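A.B. asks: Here you go, sequence then predicted model.
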Amino acid sequence: MKLSIQPCTGYNISTKSLTEIKDMYLNGELNTYDVWLQRLKQKDKWAANNWAKSRSYLFRLFTSGPYTKSSYTAVDINMLIAKIEERMESLSTDSCITSIFHEMVEALKLMKLGGCKFILLDGQNRLEYALKLFFKNELEWRYVDKLTQIPKKLTFVDKNNMQYSKEGFHYKDLSSEEKDVIDDIKIIFAMGSAGEIDEYIDDLIDDNSGEQWNDFEKKITNLKTLPYLVNTSLSKSTKVKGSNEKKPRDNVPSFKDVLDKVGSLTGAYSIEKKGYHKIICELTQLDMTGNISLDYEVMWDTSKHEKITKSFDNVKEFFNSIAKCSKFPLSKEVGGKNIFATKELLRNFYMITQILKEGAKGYKVPLSKINNLRAIYDDYMKLDNLKRDRKRSPEDFVVLKTSDGKDGSPAAKPGTYIWSMKAIRPENLTCRRSILTAFVEEHIQSWVDKSIIDRLDRKELTDIQKRRVILEAQEDPFSVHGETLDPLVDNLHVDHSEQFGRGGSNDISNLQATTEASNLARVK
């Protein structure tokens with residue numbers, strides 16, 4: 001037959017013995033590239049119930065005879081590097097995808113220097129948490145039937161057709177002949193030898209034989225601006241020793257330092273499901289759009305590269321500021337306690353820094369002007385504790401009635417702090433932001449007085465404040481003749497009634513409109 005289909009990903013199919021696959025993995029010849037070409041290892045899933053998943057895999061593997069349907073998929077690292085470099089030649093040097101490809105090539109070259117020949121696309125958990133542990137004698141071959149709870153046995157047949165069984169064993173306890181039988185089990189090895197990098201990424205997701213990928217795990221491998229920024233920030237530096245090429249982005253250690261101190265990160269937010277990546281993406285979207293629930297159409301849009309990068313950098317500054325504040329104990333040795341009990345507290349604290357940066361009661365406070373970030377967080381935790389206490393905040397709760405008319409459990413009233421924390425719908429976030437804004441406005445003067453934040457330059461007045469003062473302007477405060485101010489005729493400035501240098505605030509009540517001449521001539 002002469003007709004064929006042009007493959008997007010070309011694989012050479014062969015078989016390798018179990019011991020060949022194991023040795024390639026242990027010596028680094030077969031390796032994983034978790035940043036783009038794998039998700040993170042799923043240790044919790046495989047270790048659950050006394051390594052039940054690992055034991056099940058080993059039982060099926062060893063009892064399938066000399067050949068098993070189990071397969072491993074990899075791609076040749078030299079082909080991968082060559083294909084990526086070929087793609088880079090046709091792209092703009094300042095494009096997002098060029099930066100991603102540059103990052104990939106640097107990382108792959110670094111792996112190649114370490115002896116890697118093949119990048120594993122599918123099978124890392126089976127290798128890491130089953131085969132590796134078994135061959136290193138860290139996991140006993142033992143499997144119990146799920147229904148009967150009776151231990152399964154591995155039956156060997158000798159050259160005289162005599163049978164004997166083993167119920168449980170470590171690899172080291174096997175005879176040399178028994179080891180040979182297991183070592184020589186043949187496994188399907190599919191090696192990618194032709195195709196494009198993005199096709200291999202899609203193929204990896206579509207054909208993964210392990211646990212189902214969630215939507216975010218699929219999206220974070222896309223060759224887009226935000227995945228590039230986040231994946232790079234949570235990876236080790238990929239600068240190849242001796243290379244003179246400029247690497248566009250570095251990793252951000254403060255991301256992991258701080259996120260390690262956030263409690264209750266389970267399910268889609270567990271580190272194994274790339275939950276750290278997801279939190280950073282959500283905060284970036286919160287900064288850019290005001291919403292948290294990821295809108296992939298917006299945040300994966302490469303035409304918004306500059307906006308996404310700016311918001312990501314704001315998030316990075318937030319994490320760096322927490323990491324630099326000595327009053328936040330990031331070290332695992334310091335009590336081992338979480339700083340943020342939940343991700344909601346982290347999100348809220350980010351919103352508080354946003355509100356400060358945007359300007360509350362006349363103070364625009366960037367993170368660089370905050371001298372004690374922990375003091376602000378401690379004040380916020382007092383609010384959080386107060387609002388969670390039903391006895392101290394009874395007005396925020398209502399007692400629900402049961403089906404038989406009796407008093408049931410109390411529930412948060414709509415529009416209250418606790419209600420706003422129950423979901424990340426727009427209405428909940430609007431309520432949450434309103435409450436946090438009031439909190440900031442209530443405390444900001446005390447933070448200034450206690451030098452928790454610096455006194456800021458008068459130029460930090462918001463445009464909204466200035467317009468309001470000018471629109472409400474009547475008489476010139478420095479004219480003894482009662483002359484009126486006309487925004488259409490006079491060149492108006494906004495000045496402080498009690499001078500800023502003498503302790504006057506940026507509160508609207510301390511602002512006044514005057515002419516440019518009066519403002520500039522006034523002794524400051």
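C.D. replies: Noted; the coordinates are in hand.

A.B. asks: Now the element after the helix or strand that contains Phe439, going C-ward?
C.D. replies: Using DSSP states H and E, Phe439 maps to helix 426-449. Downstream of helix 426-449, the first helix or strand assigned by DSSP H and E is helix 463-471.

A.B. asks: contacting residues around Lys261?
C.D. replies: By C-beta atoms under 8 Å, 6 or more residues apart in numbering, the contact set of Lys261 is 328, 330, 337-340. In this view, the C-beta of every residue, glycine as well, is placed from N, C-alpha and C.

A.B. asks: Columns distance to Pro487 on top of those residues, output as JSON lines?
C.D. replies: Output for the contacts of Lys261, formatted as JSON lines (distance: C-beta to C-beta, whole Å):
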{"residue": "Phe328", "distance to Pro487": "47"}
{"residue": "Leu330", "distance to Pro487": "51"}
{"residue": "Lys337", "distance to Pro487": "55"}
{"residue": "Asn338", "distance to Pro487": "52"}
{"residue": "Ile339", "distance to Pro487": "48"}
{"residue": "Phe340", "distance to Pro487": "47"}
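
A.B. asks: returning to what we had before: for the helix holding Phe439, which positions count as buried?
C.D. replies: 428-429, 431-433, 435-437, 439-440, 443-444, 447-448 (16 or more other C-beta atoms under 10 Å).

A.B. asks: ok, now stretch 88-96?
C.D. replies: Buried-residue list, stretch 88-96, by 16+ other C-beta under 10 Å: 88, 96.

A.B. asks: Likewise for stretch 256-263?
C.D. replies: For stretch 256-263, burial by neighbour count (16+ other C-beta under 10 Å) applies to 256-259, 261-262.

A.B. asks: what's the answer for stretch 363-380, then?
C.D. replies: Those would be 363-367, 369-370, 372-377, 379-380, for stretch 363-380 by 16+ other C-beta under 10 Å.

A.B. asks: average pLDDT for that stretch?
C.D. replies: The pLDDT scores in stretch 363-380 average 93.

A.B. asks: try stretch 156-165
C.D. replies: Stretch 156-165 comes out at a mean pLDDT of 90.

A.B. asks: so who does Leu108 touch?
C.D. replies: So, once contact is read as C-beta under 8 Å, 6+ apart, Leu108 ends up touching 33, 77, 80-81, 84, 119.

A.B. asks: could you redo the last one with a cut-off of 7 Å?
C.D. replies: Neighbouring residues of Leu108 by C-beta atoms under 7 Å, 6 or more residues apart in numbering: 33, 77, 80-81.

A.B. asks: Leu61 now?
C.D. replies: Counting by C-beta under 7 Å, 6+ apart, Leu61 has contacts 68, 70, 185.

A.B. asks: from those residues, which single one is nearest Lys41?
C.D. replies: Ser70 (18.1 Å; C-beta to C-beta).

A.B. asks: Would you check that Pro477 makes contact with Gln512?
C.D. replies: Yes: counting by C-beta atoms under 7 Å, Pro477 does reach Gln512; the two are 5.2 Å apart.

A.B. asks: So between these two, which is more surrounded?
C.D. replies: More crowded of Pro477 and Gln512, by other C-beta atoms under 10 Å: Gln512, with 19 against 13.

A.B. asks: what angle sits between the helix or strand where the more buried one lies and helix 463-471?
C.D. replies: Using DSSP H and E, the element containing Gln512 is strand 511-515. Going by axes from the mean of the first three to the mean of the last three C-alpha atoms, to 10 degrees, strand 511-515 is angled at 60 degrees with respect to helix 463-471.

A.B. asks: Fine, thanks again, bye for now.
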